[in-house]
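Asker: One predicted model, sequence on top.
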Amino acid sequence: MTTQPAPTRYDETARNVLGGELIPCSLDPVTGFYRNGCCETGPHDLGLHTVCAVMTEEFLAFSKSTGNDLSTPRPEFAFRGLKPGDRWCLCAGRWREALDAGMAPQVILEATHEETLAIVSLGVLKDHAAV
């Protein structure tokens, strides 16, 4: 079994919603707009993939029903499909949409980028924080 080196960070100075260092969200599966395991953002990330969320069956079904199927494997993109318990960097707007529908998954605050606060308040994020 070979180990892959940790992917390169896009922005070493990125902060989380609590004001601390942004920690990785997931390396298995590898997530993030830059596919580096972190919910980092930059000028090309128009979707603002900044919320580190813990997938649930309910959220995956909701996401699929709204046109973003995250659970079906897509080998052509080296994507195995997400399952409950996986962590994934969601678009802040999609997470907010799920919140409004009562389907928001829990978030990992330390791995959720501070830019999320432009879309969702810290209080709301804390209410949905994974323990």
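Answerer: Looks like it arrived, so ask away.
Asker: So which residue is dead centre in this protein?
Answerer: The chain has residue 89 as the residue nearest its centroid, 1.5 Å off, counting by C-alpha atoms, centre = their mean.
Asker: Just give the nearest non-adjacent residue to that one, would you?
Answerer: residue 39 (3.9 Å; C-beta to C-beta, 6 or more residues apart in numbering). For the C-beta atoms, the positions are set from N, CA and C on the backbone; glycine is no exception.
Asker: what's the distance between the one you found and residue 86?
Answerer: Distance, residue 39 to residue 86, by C-beta to C-beta, to the nearest Å: 14 Å.
Asker: Comparing the two, which shows the higher neighbour count?
Answerer: residue 39 (35 against 19; other C-beta atoms under 10 Å).
Asker: Quick check: pLDDT value at that one.
Answerer: Looking at residue 39, its pLDDT reads 97.
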